[in-house]
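Asks: Task: produce atomic coordinates for the following.
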Amino acid sequence: MCGIAGVIHRGGVSGIGAEMTSMLQALRHRGPDSTGFAIYGTPAEGDYVMRFKVAEQEDMASGFDIHDRIRARVEEVDRRLAEQGVTVKDRAASTEYAMRYVVSFDGDMEHLARYVEDVEGAEILSLGGALELVKDLGDATTVCDQYDLGGFRGTHGIGHTRMATESDVDIRSAHPYWAFPYNDVAVVHNGQITNYWMMRREMERKGHRFMSDCDSELLAVYTAHNLANGVALDESLERSVHEIDGVFTYLVATRDQLGMAKDTMAAKPLVLYESDDLIALASEEVAIRAILPEEIDTSDPYDEETRVWQA
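Replies: Numbering: from 1, shown residues only. Below you'll find the predicted structure:
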């Protein structure tokens, strides 16, 4: 049992970091192990925000030399970025093991990402024009405070509270998931994909990378593959309902869109609120009421329903 939530503002920006924190904190009972945010801001034209980690939170207790190893890994990432002609305009450490870089680069982004991830312990969480993906152990308030997300302003976001079932309690197995080559896509998911390994092998044969054994990552890779090959988001969602087996409800965000899909049995819950200016979705209505405490009307999407909203 996990919790998912999403919100999108049509025609303006808002305190999306605080809104997502409130929604996800209201879903803490559905998943206390980790919390993740995929939030979309308005960066300068031509810039990319790279969120990456060089260790897991649990590594910090592995010995006194972990700090030296982390510093060496970050230095190696810096060296490889410079070697590839990347200009780092701003760099900040959210934690000792998690970094946020603003970069400028006009080369092969997928090659760059793979080269960086060849560094021991390095994993790019997101490398987007608008997307910033943050995830770590703990509840929403803990992660928000740790990564200073409360003041983040943007147009939309999705998030996830995770209860670990079939994979480890670590950042690698936490949602949301990002996948290149479509660099502004992120996915959160509640459910189980039963043809995961078959579809994963198919995606790997097409050259896609997987960083975890969590079935939810498949949805990000699948969506990124479709979008990169000219498939519109609404069509990708419709295809997924028929090509992916299991019980699932998932949310997907791109640079300027928010979408949802439910499987044939619609066994995983989702509640929807929609107005002219705001759309909010969550596993439970309590999350929507965390940002809309007034009297509101909500609905439950049907089985096999897919929807897309524009920022």
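
Asks: CA atoms for contacts and neighbours, from now on please.
Replies: Will do.

Asks: Please, where are all the strands along the stretch 201-311 of the chain?
Replies: Remark: strands assigned in the stretch 201-311 of the chain by DSSP state E, counting those that start in this stretch are 246-253, 257-262, 271-274, 278-282, 306-310.

Asks: Can I get those in TSV including distance to H175 and mean neighbour count?
Replies: Output for those, formatted as TSV (distance: least, C-alpha to C-alpha, whole Å; neighbours: other C-alpha atoms under 10 Å):
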stretch	distance to H175	mean neighbour count
strand 246-253	11	24
strand 257-262	16	25
strand 271-274	19	18
strand 278-282	15	23
strand 306-310	20	18
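
Asks: Adding mean pLDDT and distance to V116, write the ones you listed out as a markdown table.
Replies: Output for the strands of the stretch 201-311 of the chain, formatted as a markdown table (pLDDT from 0 to 100; distance: least, C-alpha to C-alpha, whole Å):
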| stretch | mean pLDDT | distance to V116 |
| --- | --- | --- |
| strand 246-253 | 96 | 24 |
| strand 257-262 | 97 | 28 |
| strand 271-274 | 97 | 39 |
| strand 278-282 | 97 | 34 |
| strand 306-310 | 97 | 33 |
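
Asks: How is this protein partitioned into domains?
Replies: Using automatic domain parsing, the domain ranges for the chain come out as 3-38+139-310, 43-129.

Asks: Model confidence for A5, exactly?
Replies: For A5, the pLDDT comes out at 98.

Asks: average pLDDT across stretch 54-74?
Replies: If you average the pLDDT over stretch 54-74, you get 88.

Asks: Pull out the buried residues from that stretch.
Replies: V54, A55, E56, Q57, I70, R73, V74 (16 or more other C-alpha atoms under 10 Å).

Asks: for those residues, which one is nearest D47?
Replies: Top of the list for closeness to D47, among the buried residues of stretch 54-74 and by C-alpha to C-alpha, is V74 at 20.4 Å.

Asks: Touching the longest helix anywhere in the chain from outside, list them.
Replies: Looking across the chain with DSSP state H, the single longest helix is helix 66-83. Contacts with helix 66-83, where a contact means C-alpha atoms under 8 Å, 6 or more residues apart in numbering, come from 54-55, 59-60, 87, 96-97, 112, 115-116, 119-122.

Asks: can you put the strands of the stretch 201-311 of the chain in a markdown table and add distance to Y222?
Replies: Output for those, formatted as a markdown table (distance: least, C-alpha to C-alpha, whole Å):
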| stretch | distance to Y222 |
| --- | --- |
| strand 246-253 | 11 |
| strand 257-262 | 14 |
| strand 271-274 | 24 |
| strand 278-282 | 22 |
| strand 306-310 | 16 |
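
Asks: residue contacts, the residue most central in space within the chain?
Replies: Centroid check for the chain by C-alpha atoms, centre = their mean gives P176 as the closest residue, at 2.9 Å. P176 makes contact with G36, F37, A38, L133, K135, I158, G159, H160, A186, V187, V188, according to C-alpha under 8 Å, 6+ apart.

Asks: The fourth one - nearest residue in space that isn't next to it in sequence?
Replies: It refers to L133. Nearest non-adjacent residue to L133, counting by C-alpha to C-alpha, 6 or more residues apart in numbering: A38, 4.4 Å away.

Asks: wait, doesn't that neighbour sit right on G154?
Replies: No. Counting by C-alpha atoms under 8 Å, A38 sits too far from G154 to count as a contact (10.9 Å).

Asks: Same drill for these two, tell me which one is more crowded.
Replies: Neighbours per residue, other C-alpha atoms under 10 Å: of A38 and G154, the larger number sits with A38, 32 against 21.

Asks: Partner strands of the strand or helix carrying that one and their direction?
Replies: Assigned by DSSP states H and E, A38 belongs to strand 34-40. Using DSSP bridges, the strands paired with strand 34-40 are strand 131-137 (antiparallel), strand 156-162 (antiparallel).

Asks: in the sheet, who's paired with the nearest residue to the residue nearest to the centre of the chain once chain neighbours are set aside?
Replies: In this structure, P176 finds its nearest non-sequential neighbour in V188, 4.9 Å apart by C-alpha to C-alpha, 6+ apart. Beta-bridge partners recorded for V188 (DSSP bridges): L251.

Asks: Since that was my last question, I'll sign off now.
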